[in-house]
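Peer 1: with the sequence up front, the predicted model follows.
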Amino acid sequence: MASFSSNIRTVEEIFKDYSARRAGIVRALTDDVDEFYGLCDPEKENLCLYGYPNETWEVNLPAEEVPPELPEPALGINFARDGMNRRDWLLLIAVHSDCWLLSVSFYLGAQLNRNESLYSVPMVFTTYRRRLFSLVNDLPTVFEVVTERKPVRDKPNADSGNKSRGSTKRWSGKKQSKTGGRELRGG
């Protein structure tokens, strides 16, 4: 079940929680993929993939408490396992995991709003939310890592969120070869 420390007080602590949970999920879907696949038995009840703040992961039943302490990850990840291509199934889990990670982060971010000083200055909370979003976006998504679109890289530090990312390649709608970036002509 998803756990969190109730003493998270800063954007940097929320980002640290996000990064660690993400690292655990990335490990489940890459390095530990065979173990993960085996744990997702379609004969079992509704299972979820949890990433934890200590960079570990677990396949388990959802929390029994209603409402749960934190937003819950996708329910029933095991049911589609045998009905889909393995890679497609893993990519589906990756996308759902990205959604869950963001929901947990912004849930924790909303807890910052409970700080009385933030109520008196609404722009401060908006700045915190933007800062958190910037930090999260500096990391590749779980989906990007699993599809190998972006390499796994070290966690950016909490000071890197406002820095320019340099040149960013944008998709132009034209196919490019893997070597040299030349356009491929469709015919």
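Peer 2: Good, I have the coordinates.
Peer 1: next SSE downstream of the worst-scoring helix or strand of the chain on mean pLDDT?
Peer 2: Scoring the helices and strands of the chain by mean pLDDT, DSSP states H and E places helix 116-120 at the bottom, with a mean of 48. From helix 116-120 onward toward the C-terminus, using DSSP states H and E, the following helix or strand is helix 122-137.
Peer 1: what mean pLDDT does the top helix by length along the chain have?
Peer 2: Ranked by residue count under DSSP state H, the longest helix found in the chain is helix 86-112. Average pLDDT, helix 86-112: 94.
Peer 1: tilt between it and helix 122-137?
Peer 2: 160 degrees (axes from the mean of the first three to the mean of the last three Cα atoms, to 10 degrees).
Peer 1: which residues of this structure fall in strands?
Peer 2: In order along the chain, the chain carries the following strands (DSSP state E): 48-51, 57-60.
Peer 1: could you name the helices and strands sitting against the last one?
Peer 2: This means strand 57-60. Counting by 3 or more Cβ pairs under 8 Å, 6 or more residues apart in numbering; DSSP states H and E, the packing neighbours recorded for strand 57-60 are helix 11-29, helix 33-39, strand 48-51. Every residue, glycine included, has its C-beta placed from N, CA and C.
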